[in-house]
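Participant: build me a model from this:
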Amino acid sequence: MSNKTLMLPDRLYRYLLEVSLRETELQRQLREETAKDSMARMQIAPEQGQFMALLVDLLGARRVLEIGVYTGYSALCMASALPPDGRLVACDMSEEWTRIARRYWHAAGVADRIDLRLAPAMDTLAALLADGQEASFDFAFIDADKREYQDYFEETLKLLRVGGLMAIDNTLWNGSVIDPDDKSEDTIAIRSFNEYLHCDDRISISLVPIGDGLTLARKR
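Facilitator: Numbers count the residues shown, from 1 in each chain. Take a look at the predicted model:
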């Protein structure tokens, strides 16, 4: 995993941030607090958070789904781009990490836009479908267990409206996807998932080399 855009030399990456990043003070503080955590590598890059917020804005999204919250940076970025009556359903399992997220969401004044559901994501997705919410979401972000990506994708596709957009994180996996010697379960899962999406004619796709690789899939 990488929490900065891959392959850019440090000087060029700093320049990218200097001329494009408009991170709020609360977003910066959340990133700095998260950096102290032993799993801080799961934090998305700030330029990716800003990019996803722009996508939410461009879509005119009112309903967003997130699978994998961690300490809440991506949800903070996306919820801030929603209108006041917009809603983000956030799926995670960790009370500890999401306690940090809640604190920053409240400080930013977006907590009322975020519906945090602490349960296995597949259970939450099934509950949303059972509640009649098929084809009701405008945007979705998937950043959780890599071995579950294909299952998350299938259920999320049902929840996404036609023309809605899905963003799936870590699809370049710090370059390990092209290392033939890397036979870890996560790497194999991401390779398989990337090939699966490439052949799926239900979506239009583009793998964007931002952060650790972000695949955009638009539902046809």
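Participant: how near is the spatially most distant residue from the centre of the chain to residue 187?
Facilitator: For the chain, the residue at maximal distance from the C-alpha centroid (C-alpha atoms, centre = their mean) is residue 181, at 27.7 Å. Going from residue 181 to residue 187 by C-beta to C-beta, to the nearest Å gives 10 Å. Just so you know, the C-beta spots here come from the backbone N, C-alpha and C atoms, and that holds for glycine as well.
Participant: ok, now residue 78?
Facilitator: Residue 78 is 27 Å from residue 187, by C-beta to C-beta.
Participant: ok, the two, which is more surrounded?
Facilitator: A count of neighbours by other C-beta atoms under 10 Å puts residue 78 above the other of residue 78 and residue 187, at 28 against 18.
Participant: host element of the more buried one?
Facilitator: helix 73-80 (DSSP states H and E).
Participant: contacting residues around that helix?
Facilitator: Around helix 73-80, the neighbours that count as contacts under C-beta atoms under 8 Å, 6 or more residues apart in numbering are 24, 26-27, 30-31, 34, 43-44, 48-50, 52-53, 56, 64, 66, 69, 86, 88, 90, 101, 104-105, 108, 110, 113-114, 139, 141, 143.
Participant: kindly write the ChimeraX command that selects the buried subset of those residues.
Facilitator: Buried residues within those, by 16 or more other C-beta atoms under 10 Å, are selected in ChimeraX with:
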select :26,27,30,31,34,43,44,48,49,50,52,53,56,64,66,69,86,88,90,101,104,105,108,110,113,114,139,141,143
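Participant: pLDDT-wise, which helix or strand of the chain ranks last?
Facilitator: Least confident element among the helices and strands of the chain, by mean pLDDT, DSSP states H and E: helix 10-20 (a mean of 95).
Participant: counting contacts, what elements does the helix or strand following it pack onto?
Facilitator: Moving toward the C-terminus from helix 10-20, the next helix or strand (DSSP H and E) is helix 25-34. Under the contact criterion of 3 or more C-beta pairs under 8 Å, 6 or more residues apart in numbering; DSSP states H and E, helix 25-34 touches helix 46-59, helix 73-80, helix 95-108.
Participant: so for the longest strand along the chain, mean pLDDT?
Facilitator: In the chain, with assignment by DSSP state E, the single longest strand is strand 160-169. On average, the pLDDT along strand 160-169 is 98.
Participant: show residues contacting the helix or strand just after it.
Facilitator: Counting by DSSP H and E, the next helix or strand C-terminal to strand 160-169 is helix 185-198. For helix 185-198, the external contacting residues (C-beta under 8 Å, 6+ apart) are 146-147, 149-150, 153, 168, 170-171, 173, 176-177, 179, 203, 205, 207, 215, 217.
Participant: filter those residues to the buried ones?
Facilitator: Neighbour-count burial (16+ other C-beta under 10 Å) is assigned, among these, to 146, 149, 153, 168, 170-171, 173, 176-177, 203, 205, 207, 215, 217.
Participant: who touches stretch 168-179?
Facilitator: For stretch 168-179, using C-beta under 8 Å, 6+ apart, the contacting residues are 1-2, 6, 44, 48, 68, 141-143, 146, 149, 153, 182, 184, 186-187, 190-191, 193-194, 197, 207, 209, 211-215, 217.
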